[in-house]
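> Please find the sequence and the predicted model below.
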Amino acid sequence: MRPILLQGHERPLTQLKYNREGDLLFSVARDKTICVWYSHNGERLGTLEGSGGANFSVDADPTTTIVATGSADQTARLWDIKTGKTIHSWNFKTTVKRVEFSPDGTKLIVLSEKMMGYPGGISVFNVKADVNATQETEPIMDIKPEEGADKFSFAVWSYGGKYIITAHADGSLSKYDGATGEFIASTQIHEEKFPITDLQPSPDKTYVITSSKDKTARLTDVDSLKLLKTYKTDTSMNSACITSKKDFVILGGGQDAKDVTTTSSRDGKFEARFYHKIFEDEVGRVKGHFGPLNCVVAHPNGGSYASGGEEGYIRIHHFDPSYFDFTYDVERFAAKE
Amino acid sequence: MQTFHHQDTGSEDFRQNTMDEKWADDDEFSTPQITQNADGTKTIVTHRMDDGKKYKRSVTIKNQSVTEKVLNCVAERSKWTKYGKELGAPPGPNRMTTTIGEDIVFVLGLKSDQPEEEVEEEEAAAAAPRVGEDKGVKCRLCQGPHFTSKCPYKETLGGSTAAGGMGRSLGGDEPAGAAKTGGYVPPHLRNKGPGGPGGPGGAAGGRSDDDDELTLRVTNLSEEATDDDLRRMFGKYGMINRVYVAKDRDTGRPRGFAFVTYTLKSHAQAALEAMDGHGFDNLIMKVDYSKKRN
């Protein structure tokens, strides 16, 4: 397996995202550049210019017409993917930490951070996947954390846009109605003192994976908010994703960025770890980064994955045939019968 | 669905060169002589004059067309013009931003019982220097179960042997194992501990001596056999880590032998027994370990 190294950023990566078909990979980092890459060969289609600060989040609509980004310049922007031009921008009081399109591409979650006396929260906008359309300036709903709950860190849509699943800094997950924004339920998934570091939905969006500084990644069912699986590691985790085609989850993390210079890279555990989704066993590791992995994301067809590190590199890995051959003995026996 | 045709045009640069350099004044030298070989390859021979010397250049190439099917929308997007920092850049990856990394051996496998073994080993290693009564450690001064340098009677007994024992005492400070065997150990024999070489459970991967017992050499193989054929035939006996079909460097045609690496010795053994003498494409395959076991 020969990874493709992408050097488009000068600062730590914050999020990677494939479009629906997986031919394009979007990357944002703590610099002003937003990159669009062809995922099969690592060619850069272009950069989106105009962001005024670090970018924390990116997402393309299902038709790959427009892309949304969230930035520390306190805006959420929409861009035309074909030309790289800004087509709309919403202003917020604080940093925008997460943006995500609903599965049908008509709504956009914008999560703004709680800071400087502002409560932050989730705003949901109606959007049109058309570069010439005028976008609505006011959100259709605002969601604030429940009384006593910690601030929102991440938010994703569930299947069909039915729910909004949010992750909190105190290790809990909440569920809100996707149409009305009403609070439905909340549950403690990770250990309380450790923040959740990533939240990604499964390919069919019926369950989500979260990673946490408590050195685990966990699967949670969307409907029941029940904990399904726990993947234990030996270091704090920054990101986790679910692959299709094979029943694996990929975890990325490593020692905290602030401790990196004090130890050798071998002790830093800067590896992508593969766990079997069902059996919770670790089945493999991929080395390569020389800083903690900030984000891992699986290609929609399950044939490759990309990871972004604190050191500013992105690595795209296309799996070898042997990856797809790997099966547990029980799986082989089951296939024979 | 839309179809792309990529043509491997190994000769293109070459022709470009001859045209740019304009050897028109010496036509008989610049005209490439193209010979079509029987195995589907082409040999292009050109001559050129440089500083009064005549140079001959012979290139053997094989054109291969690869067809890839993609969705219409993906094909559409692949033709988009670049923008931002890539504005005006030619098609194809830019070397400033995109490079190919080193080959990573990524082997999936369970840790099974090996980690425990390793932990025990580590514990033993950690315990050994501290607990002197372990085998092999013997003080040369008082014959007690500790290193000479740690001897409590060093001051009283050490004086008499100090002058003669200087060179040896250096060796004595080494941990017991190294001191016993001593001497130079070639790289391929190092780390031959009970746990064997290789990372944790082989998950991290890496070639090791054990590969010889996991790798089968398949000879008398049909030239038509591909990686996939071998995977299909040998995959029945266990998980395959790697399949390598030896190919000719110039023509890319298989040379009639291949290597198949399994992840477990038992699988390799089973495949060896079953596949040795097995027929494939009118030839009887011979299967053996890649290296004879001693």
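Happy to help now that I have it.
> Once you drop chain neighbours, what's closest to the spatially most central residue of chain A?
By CA atoms, centre = their mean, chain A has its centre lying nearest to A:Gln200, at 5.2 Å. Of all residues not flanking A:Gln200 in the chain, A:Cys241 sits nearest, at 5.0 Å (CB to CB, 6 or more residues apart in numbering or on different chains). Backbone N, C-alpha and C define where each C-beta goes, glycine included.
> ok so B:Ala270 is a helix residue?
Yes. B:Ala270: assigned to a helix according to DSSP: H, G, I helix; E, B strand; the rest coil.
> Distance of it relative to chain A?
According to CB to the nearest CB, to the nearest Å, B:Ala270 and chain A sit 13 Å apart.
> Bridged to the residue in chain A that chain B sits nearest to, which residues?
Using CB to the nearest CB, A:Thr47 is the residue of chain A that sits closest to chain B, at 3.3 Å. When bridges are called by DSSP bridges, A:Thr47 pairs up with A:Cys35.
> residues contacting it?
A:Gly8, A:Thr33, A:Ile34, A:Cys35, A:Val36, A:Gly84, B:Tyr83, B:Gly84, B:Lys85, B:Glu86 (CB atoms under 8 Å, 6 or more residues apart in numbering or on different chains).
> for A:Thr327, same thing?
Per CB under 8 Å, 6+ apart, neighbours of A:Thr327: A:Ala335, B:Met239.
> low-scoring stretches of the chain, by residue?
This is for chain A. Applying pLDDT under 70 to chain A flags residues A:257-267, A:337.
> oops, I was thinking of chain B
Filtered on pLDDT under 70, chain B yields the residue ranges B:1-30, B:111-136, B:154-183, B:187-212, B:292-294.
> Which segments of it make up each domain?
B:1-18+B:28-90, B:208-287 (the TED database).
> Tell me which of those is the most buried.
Stretch with highest mean neighbour count among the domains of chain B: domain B:208-287 (a mean of 17; mean count of other CB atoms under 10 Å in any protein chain shown).
> Do a quick rundown of the helices in the chain.
All of this refers to chain A. For chain A, the helices defined by DSSP state H occupy A:321-325, A:329-336.
> That was the other one, I meant chain B.
Taking DSSP H to define them, one finds helices in chain B at B:12-21, B:27-30, B:72-77, B:114-130, B:154-162, B:166-172, B:176-181, B:211-214, B:227-234, B:265-275.
> need the domains of chain B in a markdown table with distance to A:Phe154, can you?
Listed next are the domains of chain B as a markdown table, based on distance: least, CB to CB, whole Å:
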| stretch | distance to A:Phe154 |
| --- | --- |
| domain B:1-18+B:28-90 | 28 |
| domain B:208-287 | 36 |
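> ok, A:Glu10 - contacts?
So, once contact is read as CB under 8 Å, 6+ apart, A:Glu10 ends up touching A:Ala29, A:Asp31, A:Thr33, A:Gly312.
> burial measure for the closest residue to the second one other than its chain neighbours, as a count.
The one in question is A:Asp31. Spatially, and ignoring its direct neighbours in sequence, A:Asp31 is nearest to A:Arg11 (4.2 Å; CB to CB, 6+ apart). Neighbour count for A:Arg11, taken as other CB atoms under 10 Å in any protein chain shown: 15.
> Against A:Gly312, how distant is A:Arg11?
6 Å (CB to CB, to the nearest Å).
> Now do the shared contacts for the two.
A:Ala29.
> And the strands in the stretch 1-150 of chain B?
Counting by DSSP state E, counting those that start in this stretch, the stretch 1-150 of chain B has these strands, from start to end: B:2-7, B:33-36, B:42-50, B:53-61, B:65-70, B:98-100.
> So for chain A, which of the ones you listed sits nearest?
Between those, strand B:98-100 lies closest to chain A; by CB to the nearest CB that is 4.0 Å.
> Just checking: what are the partner strands of the closest one?
strand A:4-6 (antiparallel).
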